[in-house]
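1. I would like to see how this sequence folds:
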Amino acid sequence: MDNGRRDFFHKSTIAAAGLMAIGSGAHAADESHASEHYNGPHEMISGLTLLCIRHKDGSESLGVKTDKGILDVRAAAHGLKMAAPLCLDELLQKGNATELKALMAAVQSHKDYYVNESDIGYGRLFQNPGKIICVGLNYRNHAKEIGMQPPRVPPLFNKYNNALAAHQCVITLPPKELSVKMDYETEMLIVMGKKAWNVSEADALNYVAGYCTAQDFSARDLQLELPNGQWMIGKTLDNFAPIGPYFMCADVAGDPNNMTVQTWVNGELRQSSNTNDFICNTQQMIAYISKHFPLQPGDVIFTGTPEGVILGKPKDKQVWLKAGDKIESKVGNLGTLQFSLV
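-> Below you'll find the predicted structure:
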């Protein structure tokens, strides 16, 4: 185990005793220089890696990862009295990338608006997406490990906004009388940048703003052992969708159909695969979903998890996640998502 991973385990053990789950009690961001009435052209952002800063007052706002450090967009917009998107949802849904680019150009000589990433807390990348869509059973080897035939079309289900959580969050497990079979599912997240309605596979990637590392955290007993199966209940308890630490624009993220997908639990590698094992690739998922309803800017799509989940093990070897466990998820070069359980 490398030093960075040891540091995470040490810090998160200390933090778990006192941290609240990300998102609880968050204050509204300072909107004094936000683009509430932006009426310009809708433009997808490109060439950037973005994150969300959680401030000491509990508010959350947009940050840009740069060679100079993390640009605090809210502080810069306020200090320079410029309009700018203050969260990723706004940037994606309004398409006001031009304002962010203008702010970044204006702030080049202002060192005060950059902070060291090691000094920030991470907020939720997404707080209010229009839709959180999930694709189930989308890796060939995962289908094999749980003894199911590959589906003919992508099986779809959903999560809700209460499930959204941040990098380095702490997930409070449900009472044991409700659920005890907790499982990890590292996934690549697709983030839409333009309205996609009945798009072709050939054109589908042109509608993608970027990608993230994500976790479709799951309560297997709720998902599979309740009458008729309850996928939505098993997937959308509070903070069951950690995402982060970064949103990476599509033009710098790399090929979404050839990204490594890995999970560690307490330093032990549990999942190690690649999105080239997708049953339905990125283009096929977008095209299929968009035939049924429009995908809007800011909508997110969980793309399924590969083999190596606890559910895929023989029943006598299924050791479910528990309080105190630390989970790390990594997808390609999108960043390593970390969270712990209490």
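2. what sits against residue 295?
-> 131, 192, 195-197, 207, 286, 289, 301 (CB atoms under 8 Å, 6 or more residues apart in numbering). The C-beta positions use only the backbone N, C-alpha and C, and glycine is treated the same way.
3. export only the CA atoms of stretch 54-66, formatted as CSV.
-> Once non-C-alpha atoms are left out, stretch 54-66 reads as follows in CSV (Å, rounded to 0.1, in the frame of the first residue of the first chain):
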residue,chain,number,x,y,z
ARG,A,54,-16.6,22.8,0.5
HIS,A,55,-16.1,26.0,2.5
LYS,A,56,-15.8,26.4,6.3
ASP,A,57,-19.4,27.8,6.4
GLY,A,58,-20.7,24.6,4.8
SER,A,59,-21.4,26.2,1.4
GLU,A,60,-20.1,24.6,-1.8
SER,A,61,-18.7,26.2,-5.0
LEU,A,62,-16.9,25.5,-8.2
GLY,A,63,-13.1,25.1,-8.3
VAL,A,64,-10.8,24.7,-11.3
LYS,A,65,-7.7,22.5,-11.0
THR,A,66,-4.7,24.4,-12.6
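4. spatially central residue in this protein, please.
-> The centroid of the chain falls nearest to residue 243 when counting by CA atoms, centre = their mean (2.5 Å).
5. beta partners of the closest residue to it other than its chain neighbours?
-> Counting by CB to CB, 6 or more residues apart in numbering, residue 243 lies nearest to residue 214, which is 4.6 Å off, once chain neighbours are set aside. Under DSSP bridges, the beta-bridge partners of residue 214 are residue 187, residue 243.
6. residue 214: how many residues sit nearby?
-> 30 (other CB atoms under 10 Å).
7. hmm, back to that, test my guess that the residue nearest to the centre of the chain contacts residue 339.
-> No: Residue 243 sits out of contact with residue 339 when judged by CB atoms under 8 Å, with a separation of 10.3 Å.
8. residues that sit against both of the two, list them.
-> Counting by CB under 8 Å, 6+ apart, the residues touching both residue 243 and residue 339 are 165, 167, 215.
9. quick check: closest non-adjacent residue to residue 162.
-> Sequence neighbours aside, residue 238 is the residue nearest to residue 162 in space, at 5.4 Å (criterion: CB to CB, 6+ apart).
10. give me the three-state assignment for that neighbour.
-> coil (DSSP: H, G, I helix; E, B strand; the rest coil).
11. separation between residue 141 and residue 45?
-> When CB to CB, to the nearest Å is applied, the distance between residue 141 and residue 45 equals 34 Å.
12. neighbour-wise, which of these two wins?
-> residue 45 (24 against 12).
13. the more buried one contacts residue 96, doesn't it?
-> No: Residue 45 lies out of contact with residue 96 (CB under 8 Å); the separation is 9.2 Å.
14. count the residues that sit near residue 202.
-> With neighbours defined by other CB under 10 Å, the count for residue 202 comes to 9.
15. how about the residue lying closest to it once chain neighbours are set aside, what does it touch?
-> Take residue 202 and drop its neighbours on the chain: the residue closest to it by CB to CB, 6+ apart is residue 283, 7.4 Å away. By CB under 8 Å, 6+ apart, the contact set of residue 283 is 201-202, 204-205.
16. among these, name the buried ones.
-> 204-205 (16 or more other CB atoms under 10 Å).
17. among the contacts of residue 283, which ones are in helices?
-> Residues of the contacts of residue 283 located in helices (DSSP state H): none.
18. got the domain ranges for this protein?
-> Domain assignment for the chain by automatic domain parsing gives 24-122, 132-341.
19. bridged to the residue nearest to residue 38 when sequence neighbours are not counted, which residues?
-> Nearest residue to residue 38, sequence neighbours excluded (CB to CB, 6+ apart): residue 96, at 4.6 Å. Counting by DSSP bridges, residue 96 is bridged to residue 43.
20. give me the neighbour count for residue 96.
-> Neighbours of residue 96 (other CB under 10 Å): 24.
21. would you agree it is in contact with residue 90?
-> Yes: between residue 96 and residue 90 a contact is recorded at 7.2 Å, counting by CB under 8 Å.
22. list just the nearest of the contacts of residue 295 to residue 104.
-> Relative to residue 104, the closest of the contacts of residue 295 is residue 192; by CB to CB it sits at 22.9 Å.
23. residue contacts, the closest one?
-> Residue 192 touches 92, 207-209, 286, 295-301, counting by CB under 8 Å, 6+ apart.
24. ok, which stretches of the stretch 101-250 of the chain are helices?
-> According to DSSP state H, counting those that start in this stretch, the stretch 101-250 of the chain carries its helices in the segments 140-145, 220-224, 231-235, 250-253.
25. so which of those is nearest residue 108?
-> The nearest among these, by CB to CB, is helix 250-253 at 19.9 Å.
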